[in-house]
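Participant: Quick check, what structure comes out for this input:
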Amino acid sequence: MHDDQLDDLYDIARLARRLGVENATIRVWLSRGVPWLPRPDGRLNGGAVWRATTLEGIEQRRVKGRPGPKPRVPVDAV
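Facilitator: A predicted model of the protein is given here:
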């Protein structure tokens with residue numbers, strides 16, 4: 001892959017910086033499947049990556065606030 005192609009890729013850390021959130025927040029959004037966050041285009045070194053074109057306009061699509069209720073663990077499952 002050429003350097004210019006790598007510049008077009010966003011990993012979790014780069015996307016977190018772009019959106020002004022922690023890396024862990026991106027991981028939570030991915031695990032909860034928030035509808036405004038596109039699925040990663042692939043994986044690089046085991047981590048999610050997106051093409052810059054996939055993320056165009058993400059700031060406008062982003063829903064501020066909590067991404068939804070936490071999955072509840074049944075009491076008897078503990």
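
Participant: burial count for the closest residue in space to residue 13 that isn't next to it in sequence?
Facilitator: Distances taken as Cβ to Cβ, 6 or more residues apart in numbering place residue 23 nearest to residue 13, at 5.5 Å, with adjacent residues excluded. Glycine gets a C-beta too; all of them are placed from N, C-alpha and C. Using other Cβ atoms under 10 Å, residue 23 is surrounded by 15 other residues.

Participant: isn't residue 23 right next to residue 17, touching?
Facilitator: No - judged on Cβ atoms under 8 Å, residue 23 makes no contact with residue 17 at a distance of 9.1 Å.

Participant: State the mean pLDDT of the lengthiest strand in the chain.
Facilitator: In terms of residue count, the longest strand belonging to the chain (DSSP state E) is strand 47-51. Average pLDDT, strand 47-51: 97.

Participant: just to revisit the earlier point, contact partners for the residue nearest to residue 13?
Facilitator: Contact analysis of residue 23 by Cβ atoms under 8 Å, 6 or more residues apart in numbering lists 12, 13, 16.

Participant: Can you tell me the element the most centrally placed residue in the chain falls in?
Facilitator: Nearest residue to the geometric centre of the chain (Cα atoms, centre = their mean): residue 26, 4.2 Å. Secondary-structure element containing residue 26, defined by DSSP states H and E: helix 23-32.

Participant: how many other residues sit next to residue 50?
Facilitator: Neighbours around residue 50, by other Cβ under 10 Å: 21.

Participant: same deal with residue 31?
Facilitator: Counted with other Cβ under 10 Å, the burial measure for residue 31 works out to 10 neighbours.

Participant: any weak-confidence spans in the protein?
Facilitator: Scanning the chain for pLDDT under 70 picks out 1-6, 65-78.

Participant: Can you show me the helices along the chain?
Facilitator: For the chain, the helices defined by DSSP state H occupy 3-7, 12-19, 23-32, 58-61.

Participant: Quick check: residue 7 vs residue 35, distance?
Facilitator: From residue 7 across to residue 35, the span is 28 Å (Cβ to Cβ, to the nearest Å).

Participant: now do residue 45
Facilitator: 27 Å.
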